[in-house]
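# using only what follows, build the 3D model:
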Amino acid sequence: LIRQDNNSYDCSPAVCEAMTMSEWMDIALSLFKDVNGTLTLGGCSAVITKGAMTPDKTENDNSAKTADPSEEKAEIFRKNIESDYDSTLSVTASKLTVSEIAKKHDLRPKRFFADDSRKKQSKKQPAGISAADRGTAVHAFMQYGNISALSAISPEERENAIPQEAKRLCEKGYLTEIQASCADPDVIGQFLDCELCGRIVRSKNVMKERKILVKIGDLCIDEEILDNSGLKVYNNTEGMLQGVADLLFEEDDKLILVDYKTDRHVTPEVLKERYSMQLYLYAKALSLILGKPVSEAYLYSFDLGLAVKTELSPENIIL
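Next up, the predicted model:
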């Protein structure tokens, strides 16, 4: 105990160092004052007594009895203390991304931005751009580029306008110099000319790169999809689903989901097979977060230059 200036004692260090109940009791008793054999502290008092059983009583005490065994009580006791530890969650990730769930193939991004093997002879384009750079360039250009302005000009004007827009994004730090210098007006122009782009431009509410973080158990995923996707283990847990939807726009008070794909040498059927589950999960999460139904979903393929409509009903989801 540490004696303070006002003759009181600070017992905090002793309490922190003590390890047993008896040590804590000793500390408490040390605070009492001994007045004629009686320990007092404020309005409380304590008397310490000593006692022992007499030899005669010890020798003649046969009162102790052995309890009769009871298998019924023993079974109740076993049930109360035994525990079957479910190790499933200990090896289950607490957070999944939509891409991890939906990805079934090792996919290479398409040449959204031209590479030197397919570039036009009239354009100077640097070699060495990686597939990762091209994939990043896709989403950066579509997220930050002025799509509305580019869609309003003629194909001839885009030949210069698209590289200029890529240069602007580079100056803003959204694209690297290599990515910006490889912008392909033909590939981007196909998107600008499609009906889906026109609907996006006309919408008054467009959300790009919409982040998603929801509890998987809150999504009310179809039972058959849960059983066949490996998500059922998360249904009654705090496991989270994370992702980023490329684009979402509102039309007639409904939400339309768009996901850009850069897969090469594909067909619309292949894209649906690969990504229907991804769009299903995005739609479920976004409907929950925004309180509005996602009525349509599209995979825009830069390889095909085509918007592929994907049904969101559970029976159309390919696992």
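# helices of this structure, start to end?
Along the chain, the stretches classed as helices by DSSP state H are 12-17, 21-30, 55-60, 71-81, 98-102, 131-144, 147-151, 155-172, 177-181, 185-193, 195-202, 223-229, 268-290.
# which one of the ones you listed lies nearest to residue 215?
Closest approach to residue 215 among the helices of the chain (CB to CB): helix 268-290, 9.3 Å. The way it works is simple: take the backbone N, C-alpha and C, and place the C-beta from them, glycine included.
# mean confidence score for the closest one?
Average pLDDT, helix 268-290: 95.
# repeat for stretch 218-229
89.
# can I get that stretch in PDB, CA atoms only?
This file holds the C-alpha atoms of stretch 218-229, laid out as PDB (Å, rounded to 0.1, in the frame of the first residue of the first chain):
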ATOM      1  CA  ASP A 218     -29.700  -9.700 -45.200                       C
ATOM      2  CA  LEU A 219     -29.800 -10.300 -49.000                       C
ATOM      3  CA  CYS A 220     -32.600 -13.000 -48.900                       C
ATOM      4  CA  ILE A 221     -30.800 -15.000 -51.600                       C
ATOM      5  CA  ASP A 222     -32.800 -17.800 -53.200                       C
ATOM      6  CA  GLU A 223     -32.400 -21.100 -51.300                       C
ATOM      7  CA  GLU A 224     -31.200 -23.100 -54.300                       C
ATOM      8  CA  ILE A 225     -28.500 -20.500 -55.100                       C
ATOM      9  CA  LEU A 226     -27.400 -20.600 -51.500                       C
ATOM     10  CA  ASP A 227     -27.100 -24.300 -51.600                       C
ATOM     11  CA  ASN A 228     -25.100 -24.400 -54.800                       C
ATOM     12  CA  SER A 229     -22.900 -21.300 -54.500                       C
END
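# buried stuff in that stretch?
Applying a neighbour-count criterion of 16 or more other CB atoms under 10 Å, the buried positions in stretch 218-229 are 219, 221-222, 225-226, 229.
# now the helices of the chain in JSON lines, with distance to residue 250?
Converted to JSON lines, the helices of the chain look like this (distance: least, CB to CB, whole Å):
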{"stretch": "helix 12-17", "distance to residue 250": "60"}
{"stretch": "helix 21-30", "distance to residue 250": "65"}
{"stretch": "helix 55-60", "distance to residue 250": "89"}
{"stretch": "helix 71-81", "distance to residue 250": "56"}
{"stretch": "helix 98-102", "distance to residue 250": "21"}
{"stretch": "helix 131-144", "distance to residue 250": "18"}
{"stretch": "helix 147-151", "distance to residue 250": "16"}
{"stretch": "helix 155-172", "distance to residue 250": "25"}
{"stretch": "helix 177-181", "distance to residue 250": "30"}
{"stretch": "helix 185-193", "distance to residue 250": "20"}
{"stretch": "helix 195-202", "distance to residue 250": "10"}
{"stretch": "helix 223-229", "distance to residue 250": "26"}
{"stretch": "helix 268-290", "distance to residue 250": "9"}
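# backbone dihedrals for residue 31, both of them.
phi -80, psi -20 (degrees, to the nearest 10).
# tell me how far it lies from residue 173.
According to CB to CB, to the nearest Å, residue 31 and residue 173 sit 66 Å apart.
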